[in-house]
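Q: I would like the atomic coordinates for the input below:
(chains A and B)
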Amino acid sequence: QKEVEQDPGPLSVPEGAIVSLNCTYSNSAFQYFMWYRQYSRKGPELLMYTYSSGNKEDGRFTAQVDKSSKYISLFIRDSQPSDSATYLCAMNQVGDDKIIFGKGTRLHILP
Amino acid sequence: KAGVTQTPRYLIKTRGQQVTLSCSPISGHRSVSWYQQTPGQGLQFLFEYFSETQRNKGNFPGRFSGRQFSNSRSEMNVSTLELGDSALYLCASSLASNTGELFFGEGSRLTVL
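A: This is a model prediction of the structure:
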């Protein structure tokens, strides 16, 4: 079983829809959870950073962590064509430099 | 504030050659990590340097090596290139070690023929 599983997509949704992106993981020691966005031919950029369980909201983006289910989600409200990108989940343990990334989900927002 | 700068952006090599990639982190950032990104495997951790010391290493063969200089700039080297080394190599910097708050460069795209 891979440490982090993420559906590669592509996921196509109409503009204005709510998008739900998800990852599951197997290592219960993970405590830091991140979402990165990567546009074509660019490096990933950090979108959301959360510690342990719970929700975190930033504008149209909400990150959710459920440690009991080993499941994390990213919700995008009022999706825009500019949100079209690959979204990567990432996580690591306390005190560990090694960050484990999901393979990324390609998202297309259709105008 | 300037972002993470990686050079060269694109390069083509042949099997058996070696390559050196360079990364200049954000000013003040002391941690530099390197990742390999391929369509099949996604982002895979290569190694992380903090204050010139390698803190962690991923599961890659010894052909992959790196170093960090006193000004925090980092280089990675791949010797005896194989076709499977074709990938986007990403460098990321952060203020401290053990944090997921990474700032990535745009990457160096290596093609091995």
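Q: contacts only, for the spatially most central residue of chain B.
A: The centre of chain B sits closest to B:Trp34, judged by CA atoms, centre = their mean, with a distance of 3.3 Å. The neighbours of B:Trp34, taking CB atoms under 8 Å, 6 or more residues apart in numbering or on different chains as the test, are B:23, B:45-48, B:66, B:74, B:76, B:89-92. In this view, the C-beta of every residue, glycine as well, is placed from N, C-alpha and C.
Q: switch the cut-off to 6 Å
A: By CB atoms under 6 Å, 6 or more residues apart in numbering or on different chains, the residues touching B:Trp34 are B:46-47, B:76, B:91.
Q: mind listing which of the residues you listed are in strands?
A: B:46-47, B:76, B:91 (DSSP state E).
Q: and which of these is nearest A:Pro81?
A: Comparing the ones in strands among the contacts of B:Trp34 against A:Pro81 with CB to CB places B:Cys91 closest, at 29.3 Å.
Q: by neighbours, which of the ones in strands among the contacts of B:Trp34 wins?
A: B:Cys91 (30 neighbours; other CB atoms under 10 Å in any protein chain shown).
Q: quick check, pLDDT for it.
A: As predicted, B:Cys91 sits at a pLDDT of 97.
Q: what's across from it in the sheet?
A: B:Trp34 (DSSP bridges).
Q: which residues touch it?
A: Contacts of B:Cys91 by CB under 6 Å, 6+ apart are B:4, B:6, B:23, B:34, B:105.
Q: make it 8 Å
A: B:Cys91 neighbours (CB under 8 Å, 6+ apart): B:4, B:6, B:21, B:23, B:25, B:32-35, B:74, B:76, B:104-105, B:107.
Q: could you do B:Leu113 as well?
A: Counting by CB under 8 Å, 6+ apart, B:Leu113 has contacts B:12-15, B:83.
Q: change it to 7 Å
A: B:Leu113 makes contact with B:12, B:14, according to CB atoms under 7 Å, 6 or more residues apart in numbering or on different chains.
Q: and it, how close does it get to chain A?
A: 21 Å (CB to the nearest CB, to the nearest Å).
Q: again with B:Gln44
A: 8 Å.
Q: my read: that residue touches B:Tyr35, true?
A: Yes. With contact defined as CB atoms under 7 Å, B:Gln44 reaches B:Tyr35; the gap is 6.3 Å.
Q: the two: who's more crowded?
A: Neighbours per residue (other CB under 10 Å) separate B:Gln44 from B:Tyr35, with B:Tyr35 holding more: 25 against 16.
Q: quick one: residues contacting the closest residue to A:Lys70 other than its chain neighbours.
A: Distances taken as CB to CB, 6 or more residues apart in numbering or on different chains put A:Tyr25 closest to A:Lys70, at 5.1 Å, once the chain neighbours are dropped. Neighbour list for A:Tyr25: A:3-4, A:70, A:91 [criterion: CB under 7 Å, 6+ apart].
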